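**Q** return atomic coordinates for the entry below.
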Amino acid sequence: MKKLIAILLPLLLSATALAEETIGAADGPTSIFVAEQSLLSKGLIVTAGGLCGVFLVLILFFFTIKIMQKILK
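**A** The predicted structure is shown next:
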């Protein structure tokens, strides 16, 4: 579990980061936030990994319930 967290943590941190560029103007600086294509793809990978984790937990619960039902019969 620690290895999985160590692998996913950098992806989570980089997926939430946005590149910021400041342009000077007469009325003050204007910030433009630009999301790179790679950040979008990393976000999708993290989301897919999270969904796989949810389904894994649900499958484990299902099998645990089935095993407990057989034991208690």
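
**Q** show me where the chain has helices.
**A** Across the chain, reading from the start of the chain, the helices by DSSP state H fall at 2-16, 37-72.

**Q** now the shortest one: mean pLDDT?
**A** When pLDDT is averaged over helix 2-16, the result is 65.

**Q** same check on the longest one?
**A** Along helix 37-72, the predicted confidence averages to a pLDDT of 88.

**Q** alpha carbons of stretch 57-73, in CSV - could you do that?
**A** The C-alpha trace of stretch 57-73 is given here as CSV (Å, rounded to 0.1, in the frame of the first residue of the first chain):
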residue,chain,number,x,y,z
VAL,A,57,-12.6,-2.4,-2.6
LEU,A,58,-16.2,-3.2,-3.7
ILE,A,59,-15.1,-6.6,-5.1
LEU,A,60,-13.2,-7.4,-1.9
PHE,A,61,-16.3,-6.5,0.1
PHE,A,62,-18.4,-8.8,-2.1
PHE,A,63,-16.1,-11.8,-1.7
THR,A,64,-15.8,-11.2,2.1
ILE,A,65,-19.6,-11.2,2.5
LYS,A,66,-19.9,-14.4,0.4
ILE,A,67,-17.2,-16.1,2.4
MET,A,68,-18.8,-15.0,5.7
GLN,A,69,-22.2,-16.3,4.5
LYS,A,70,-20.7,-19.7,3.8
ILE,A,71,-18.9,-19.9,7.1
LEU,A,72,-22.1,-19.0,9.1
LYS,A,73,-24.3,-21.6,7.4
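
**Q** list the buried ones in that stretch?
**A** For stretch 57-73, burial by neighbour count (16 or more other CB atoms under 10 Å) applies to no residue. Every residue, glycine included, has its C-beta placed from N, CA and C.

**Q** now tell me what touches that stretch from outside.
**A** Counting by CB atoms under 8 Å, 6 or more residues apart in numbering, stretch 57-73 has no neighbours from elsewhere in the structure.
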